[in-house]
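Participant: fold the stuff below for me.
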Amino acid sequence: MRFLIALALLLGLAATAAFAESDGDEAPPAGLLAAGNKEKLPEVMLSVGEPMGGPWVLKSGTYYTVKITSDGSGEIGLTGADFFHAVWVDEVVIEGLEVRPMGLQSVEFDEPGTMKITFIAVKPGQYALMIPGSTGADQRLAITIE
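Facilitator: Model (predicted):
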């Protein structure tokens with residue numbers, strides 16, 4: 001048992017020394033949640049009869065943050081199961097409360113407020129977020145994941 005512990009320590013020290021001997025310009029991979037991989041999307045404003053904005057063109061593998069705000073002019077929801085299934089939702093923040101869901105299908109505002117959704121775009125394709133029951137092109141946010 002002591003031999004295994006000593007071997008593990010020796011291997012750990014060797015790996016540390018090998019990293020320290022590099023030119024110093026190299027950094028270990030930062031990963032998908034690193035600051036250099038994050039982008040902020042324009043805020044989505046929800047108001048009865050008003051355009052939602054867009055379109056968005058997203059890159060697969062990039063970490064995005066979007067604020068969605070309702071002005072309270074009506075009970076407004078956003079559906080987009082196909083879009084939400086094409087991304088990995090990291091968290092949804094509502095009034096300082098963080099929710100880390102396994103996935104989303106839709107969100108709804110019963111009163112004025114803002115939520116922040118952070119996600120990683122995963123599956124390339126054409127998607128949309130829509131206000132349920134609306135038919136106007138302005139009540140839809142077109143999204144492309146490349």
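
Participant: was I right about residue 56 contacting residue 141?
Facilitator: Yes: the pair residue 56 / residue 141 is scored as a contact, 6.9 Å apart, by C-beta atoms under 8 Å. Where C-beta positions appear, they are placed from N, C-alpha and C, glycine not excepted.

Participant: so between the two, which is more surrounded?
Facilitator: residue 141 (23 against 20; other C-beta atoms under 10 Å).

Participant: hmm, who's touching the helix or strand hosting that one?
Facilitator: Residue 141 belongs to strand 140-145 when elements are defined using DSSP states H and E. With C-beta atoms under 8 Å, 6 or more residues apart in numbering as the contact definition, strand 140-145 has outside contacts at 44, 52-60, 80, 83, 86-87, 121-131, 134.

Participant: strand partners (parallel or antiparallel) of that strand?
Facilitator: Partners of strand 140-145 in the sheet, by DSSP bridges, are strand 56-58 (parallel), strand 125-130 (antiparallel).
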